[in-house]
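Colleague: the following block contains a protein sequence and its predicted model.
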Amino acid sequence: MGKHLGLYITNTCNRSCTFCFKKHGYPKPMQISLDDLGVFCDWCTRSDIGVISLAGGEPTTHPEFPAVVRMVHEKVQLDFPLTIITNLLCEPEKAEAIHNCLVLANADSLDQYTPENLKRFQENLKRVSEQSNGLTLSITLWHLDQPTEHLLQYCQEFRIPHVRFDLARASILKPNIYVKLDQLEAFKKKVLEAARPLVSAGVKIGFDCPLPFYMFTE
């Protein structure tokens, strides 16, 4: 299998999450051009890159996102489907451009969306689940009262086999809300409460951030 590379196609985002560790659009908004993407794709072919992840910022805020996805598919022979990390709060035509990909869909707590954005997220989640994509939900845990019941509902409704948990991490770029070391024991209970109904329903659980080994048994 070839090497794995992540490509940030933009540094802009359509959200401003209090727990996010990135400073979006800093020092100025930037997007990769299609010309530069073509150079990148040629380099991937020469360099035995077999796995590519597209991220940001929020990658769907790239004004030419469908063309970006199409170019990577056409120019690079990958060992695994193209991975896209997205909050799915994009226009329907951008969600429809996500075909034959691995999608990591950031599913925030329901109380963190406006009614319009929640409707858009759920509609786009349905779209990508029907378009020959491998789908994983991800959620960042950042406060102990955070609702997580919607994860099981989404997994059952859209036949999503995987959920990835993360704990909010500290940023060196901006003040943000994050889980401190002395809060880990309390968040252990939170993670287990969120994970157990999913595991009971046959959903596989993963983690993004490194957690202390003592936190969990097998």
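Modeller: Right, received. Where do you want to start?
Colleague: would you list the phi and psi of Ser171?
Modeller: phi -110, psi 140 (degrees, to the nearest 10).
Colleague: that one against Phe19, yeah?
Modeller: No - using Cβ atoms under 8 Å as the test, Ser171 is too far from Phe19 to be in contact (9.1 Å). Quick note: C-beta positions are derived from backbone N, CA and C, even for glycine.
Colleague: what is in contact with these two at once?
Modeller: Shared contacts of Ser171 and Phe19, defined by Cβ atoms under 8 Å, 6 or more residues apart in numbering, comprise Tyr178.
Colleague: so where's the longest helix in the protein?
Modeller: For the chain, the longest helix by residue count, based on DSSP state H, is helix 184-200.
Colleague: kindly format the C-alpha coordinates of that helix as PDB.
Modeller: Only the C-alpha atoms of helix 184-200 are listed here, as PDB (Å, rounded to 0.1, in the frame of the first residue of the first chain):
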ATOM      1  CA  LEU A 184     -10.100  13.000  32.000                       C
ATOM      2  CA  GLU A 185     -11.600  10.700  34.700                       C
ATOM      3  CA  ALA A 186     -15.000  12.600  34.400                       C
ATOM      4  CA  PHE A 187     -14.900  12.400  30.600                       C
ATOM      5  CA  LYS A 188     -14.100   8.600  30.800                       C
ATOM      6  CA  LYS A 189     -17.700   8.200  32.100                       C
ATOM      7  CA  LYS A 190     -19.000  10.500  29.400                       C
ATOM      8  CA  VAL A 191     -17.200   8.500  26.600                       C
ATOM      9  CA  LEU A 192     -18.500   5.200  27.900                       C
ATOM     10  CA  GLU A 193     -22.100   6.400  28.300                       C
ATOM     11  CA  ALA A 194     -21.900   7.600  24.600                       C
ATOM     12  CA  ALA A 195     -20.200   4.500  23.300                       C
ATOM     13  CA  ARG A 196     -22.100   1.700  25.000                       C
ATOM     14  CA  PRO A 197     -25.400   2.000  23.200                       C
ATOM     15  CA  LEU A 198     -23.500   2.200  19.900                       C
ATOM     16  CA  VAL A 199     -21.500  -0.900  20.600                       C
ATOM     17  CA  SER A 200     -24.600  -2.800  21.700                       C
END
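Colleague: what is it packed up against?
Modeller: Here helix 184-200 touches strand 134-141, helix 149-158, strand 162-167, strand 204-207, going by 3 or more Cβ pairs under 8 Å, 6 or more residues apart in numbering; DSSP states H and E.
Colleague: having no further points to raise, I will conclude here.
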